[in-house]
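I need the structure of the sequence given here:
(chains A and B)
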Amino acid sequence: MVRFLAERSFGMIVTLFMVSVMVFFIMELPPGDFAERYAFRKFSGTGVTITPADIAAIRAELGLDQPAVVRYFDWISGIVLRGDFGQAYAFDTSVNNVIGQKVWLTLGLLFATLIITYLISVPIGIYAAVRRGGAADYGLTLFSYLGLALPNFLLALVLLYFANLWFGASVGGLFSAEYAEAPWSAAKLWDLMKHMWLPALVLGWSAMAYQIQTVRATMSDEIGKLNVTAARARGVPETRLLLKYPARLALNPVVSTIGFDVNRIFSELPIVAAVLGLTELGDLLLKSFLDLDMNVAGAILLMLTVVIVVMNFVSDLLLAWLDPRIRLGG
Amino acid sequence: MGRLLEVENLTVSFRTDEGLITPVQGVSFGVDAGRTLGIVGESGSGKSVSTKAVMRLLPVSARIGDQSCIAFTDRDGARIDVHALRPGARALRRLRGGEIGMIFQEPMASFSPVYTIGNQIMETIRLHKGLRGAAARDLAVEMLTKVGISNPAARVDQYPHELSGGMRQRAMIALALSAGPRLLIADEPTTALDVTIQAQVLDLMAGLQRDLGMAMIFITHDLGVIAQVADEVAVMYLGTIVEQGPVRQLLKTPAHPYTQGLIAAIPRLDRIDNRLTPVPGEIPSPSARPSGCPFRSRCAQAILGVCDRTPPPLTRLGGGQSVRCHLHDRARAVA
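This next block holds a predicted model:
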């Protein structure tokens, strides 16, 4: 077990390093020079004449004249050692200030989505497999096909309409007006949760539909296995039997695809967020690319990819816990 | 007090996409306390289905005939009508594992791969013996010792994939016996094992049966194995018992052409130059059962106009042997 942990941790660190290099490479990719744009923005309309020497000075000031390797290590050591993502040039403040709270809200939304996805899809998948061929099974299967077929933003619009109609709730945004600028409190958290379930449901929609199918298929396979019959033959009560033996194994494919689900949710985040009027990272990412504000874009990209890598690691650990054959290398 | 287990006129049908099939038709057998019944037959003859019915382990698509009766006498002397028990009834759960233990052909597949063998043995002990914690564990280790597993205190915490095939079957036997059942149903327990391991496991089972004084139903397709373990034997063909009787008598004077064929098909070392004589043909599918006698399509002695018309009645031959075959029926009619 210790060896397994060490191996997986090492693998994760190597992956994180490679991911950070790739993110930095992407930050370097866009054509154009930020120093020129910066000078233009700062001095246009002021009558000041910009010479190439001025631009070179700005470049030197921002450290853009250093070789890429040096800048990579400056950048990454700032992040790792001081949690400092550098300067957001376009906003004339630090990246941490620009992204700040949005990171936590995005992560909160991500985890809320994951939790809702699994809380809904796993029990439904298991139930459908146990009642295979019944009316409930067909109904749920139909529902999940609908989930797979329907684009999320369309669902977001539909839900937005009905949520407004039925709950009269203002579903746009993550906070009610009175809490938007208020300091954190229990009431504000509750307000956030009230606003979060709908976007979480929308974001998790396709993952949910997919996982219902996966759980149902694995569970159906497992239920028919001899070890389940054998457990029944030693008098294990049916519900306990189903949960202890086949259901535990039916979780395997779900757990091993947590990373994919995170990825899927992140990809769908910008458009769903736009429809639901959430101010979150996706929007900021696009804007920072347009502004060639690569420190902001890089910080967002890096955090999204780190979350995916870390969630993959977590899914590895969970898988090892669920299935001893994996941790024992059998 | 009657027999420990008495199965009367058992019929099992399945609803399938191709319609109703009936893999077991009017089967009656029983076993007395402490004795061993061997059930022999090819795959598809209905031997596993019959014993699964006794444990109520058939899938929901299975229907047991109205005339069927499965009666088990429990350790308090009460007669349980197994067929009438509600699914999930307490009495049924007590029966499974507590009164009747069961072991299966595939020792690997009968353990869940994600729990230690100790976990699964202790589950039985907790359910039926009411022991918990260290006491349950001690009994599990004791059972593993009893089935000849070396270093049982360490094995108890191992996962099924860490044990060899023979070892797993021994552990399965330990599991099935850990609640002290009065009947052990062994469904081809040695078929998936190497021949040398097979002999060891058979030996072990015979020894344990003697020590624990339990009854056993031993299912196999191998008459040679039956000769070693059983007191009585029932030969099944296409869902019916074609011949039944004490094992020595039946092997010495088989009355049914199918039994004769099975005995002729046993490889013998003392006649190594002889070629094996298989039973010709293949067992028909239960959905295409021949009219009259089910065996007539493979029987060299089938009587035209008799065997294809009426199913043969049960004929008692004396000494506890009985057969379903027109040859013997006719002989009696002539005499």
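
going forward, measure contacts and count neighbours with C-alpha atoms only.
Fine.

Helix, strand or coil: sort out residue B:263 for me.
Secondary structure, DSSP: H, G, I helix; E, B strand; the rest coil: residue B:263 is helix.

Could you report the neighbour count for it?
19 (other Cα atoms under 10 Å in any protein chain shown).

what's it in contact with, if anything?
B:223, B:251 (Cα atoms under 8 Å, 6 or more residues apart in numbering or on different chains).

Against residue B:193, how distant is it?
When distance is defined by Cα to Cα, to the nearest Å, residue B:263 is 22 Å away from residue B:193.

Next: residue A:269.
From residue A:269 to residue B:193 the distance is 55 Å (Cα to Cα).

residues from the stretch 51-200 of chain B in reach of chain A?
Taking Cα under 8 Å from any Cα of the partner chain, the part of the stretch 51-200 of chain B that reaches chain A is made up of B:55, B:57, B:88, B:92-98, B:101-104, B:109-115, B:123-124, B:127, B:159, B:161-162, B:176.

Can you select the buried ones among those for me in PyMOL?
Buried residues within those, by 16 or more other Cα atoms under 10 Å in any protein chain shown, are selected in PyMOL with:
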select buried, chain B and resi 55+57+92+93+94+95+96+97+98+101+102+103+104+109+110+111+112+113+114+115+123+124+127+159+161+162+176
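
Out of the residues of the stretch 51-200 of chain B next to chain A, which sit inside helices?
Counted as lying in helices by DSSP state H, out of those, are B:92-94, B:123-124, B:127, B:176.

Which residue ranges of the stretch 101-250 of chain B form helices?
Per DSSP state H, counting those that start in this stretch, the stretch 101-250 of chain B carries helices over the ranges B:117-129, B:133-146, B:152-155, B:165-177, B:195-212, B:223-229, B:247-252.

And the first one, how far out from the chain middle?
On the basis of Cα atoms, centre = their mean, to the nearest Å, the separation between the geometric centre of helix B:117-129 and that of its chain is 24 Å.

Then stretch A:49-64?
The chain centroid and the centroid of stretch A:49-64 are separated by 38 Å, computed with Cα atoms, centre = their mean.

most neighbours per residue, which of the helices of the stretch 101-250 of chain B?
Mean neighbours per residue, mean count of other Cα atoms under 10 Å in any protein chain shown, is largest over the helices of the stretch 101-250 of chain B for helix B:165-177, with a mean of 26.

what packs against that one?
Helix B:165-177 is packed against strand B:100-103, helix B:117-129, helix B:133-146, helix B:195-212, with contacts defined by 3 or more Cα pairs under 8 Å, 6 or more residues apart in numbering or on different chains; DSSP states H and E.

will you turn these into JSON lines that also has mean pLDDT and distance to residue A:311?
Output for the helices and strands packed on helix B:165-177, formatted as JSON lines (pLDDT from 0 to 100; distance: least, Cα to Cα, whole Å):
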{"stretch": "strand B:100-103", "mean pLDDT": "94", "distance to residue A:311": "42"}
{"stretch": "helix B:117-129", "mean pLDDT": "95", "distance to residue A:311": "30"}
{"stretch": "helix B:133-146", "mean pLDDT": "94", "distance to residue A:311": "36"}
{"stretch": "helix B:195-212", "mean pLDDT": "88", "distance to residue A:311": "46"}
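
Surely residue A:259 touches residue A:316?
No. With contact defined as Cα atoms under 8 Å, residue A:259 does not count as touching residue A:316 (9.8 Å).

what does the stretch 101-250 of chain A put close to chain B?
So the stretch 101-250 of chain A meets chain B at A:225-230, A:232-238, A:245 (Cα under 8 Å from any Cα).

Weed out the non-buried ones from those residues.
Using 16+ other Cα under 10 Å as the burial test, those include A:225-230, A:232-237, A:245 as buried.

Tell me the one of these nearest residue A:81?
residue A:245 (45.6 Å; Cα to Cα).

State the distance from that closest one to residue A:231.
8 Å.

Run through the chain and note the low-pLDDT ranges.
Assuming you mean chain A. A:31-33, A:90-91, A:167-173, A:177, A:279-282, A:292, A:329-330 (pLDDT under 70).

Not quite, go with chain B.
B:1-2, B:271-275, B:330-335.

any idea how far stretch A:23-31 is from the chain center?
22 Å.

Stretch B:270-288 too?
21 Å.

next one: stretch A:104-111
8 Å.

Could you do stretch A:94-109 as well?
13 Å.

What are the buried residues along it?
Neighbour-count burial for stretch A:94-109 flags A:94-96, A:98-99, A:102-103, A:105-106, A:108-109 (criterion: 16+ other Cα under 10 Å).

In those residues, find the pair that's most separated.
Within the buried residues of stretch A:94-109, two members stand farthest from each other by Cα to Cα: A:94 and A:109, at 24.0 Å.

before we move on, back to that, can you redo the helices of the stretch 101-250 of chain B as JSON lines with distance to residue B:25?
Converted to JSON lines, those look like this (distance: least, Cα to Cα, whole Å):
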{"stretch": "helix B:117-129", "distance to residue B:25": "33"}
{"stretch": "helix B:133-146", "distance to residue B:25": "38"}
{"stretch": "helix B:152-155", "distance to residue B:25": "43"}
{"stretch": "helix B:165-177", "distance to residue B:25": "29"}
{"stretch": "helix B:195-212", "distance to residue B:25": "30"}
{"stretch": "helix B:223-229", "distance to residue B:25": "22"}
{"stretch": "helix B:247-252", "distance to residue B:25": "22"}
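
Where does the record place the domain boundaries for chain A?
Here the domain parsing of chain A from automatic domain parsing is A:2-96, A:99-293.

Pick the most deeply packed of these.
Greatest average neighbour count among the domains of chain A goes to domain A:99-293 (a mean of 18), per mean count of other Cα under 10 Å.

packing partners for the helix of greatest length in chain A?
Secondary structure of chain A per DSSP H: the longest helix is helix A:186-223. On a contact count with 3+ Cα pairs under 8 Å, 6+ apart, helix A:186-223 meets helix A:95-130, helix A:135-149, helix A:152-167, helix A:246-256, helix A:258-276.

out of these, nearest to residue A:299?
Nearest of the helices and strands packed on helix A:186-223 (Cα to Cα): helix A:95-130, 7.6 Å.

Check which helices and strands the helix or strand harbouring residue A:72 is in contact with.
Applying DSSP states H and E as the criterion places residue A:72 in helix A:68-82. For helix A:68-82, the elements it packs on are helix A:2-28, judged by 3+ Cα pairs under 8 Å, 6+ apart.

chain center to the helix it packs on: distance?
Centroid displacement of helix A:2-28 relative to its chain, using Cα atoms, centre = their mean, is 18 Å.

ok, and what's touching the helix or strand following that helix?
Later in the chain than helix A:2-28, the nearest helix or strand by DSSP H and E is helix A:34-43. Here helix A:34-43 makes contact (Cα under 8 Å, 6+ apart) with A:50, A:55-56, A:58-59, A:64, A:89-90, A:292-293.

Many thanks, we can stop here.
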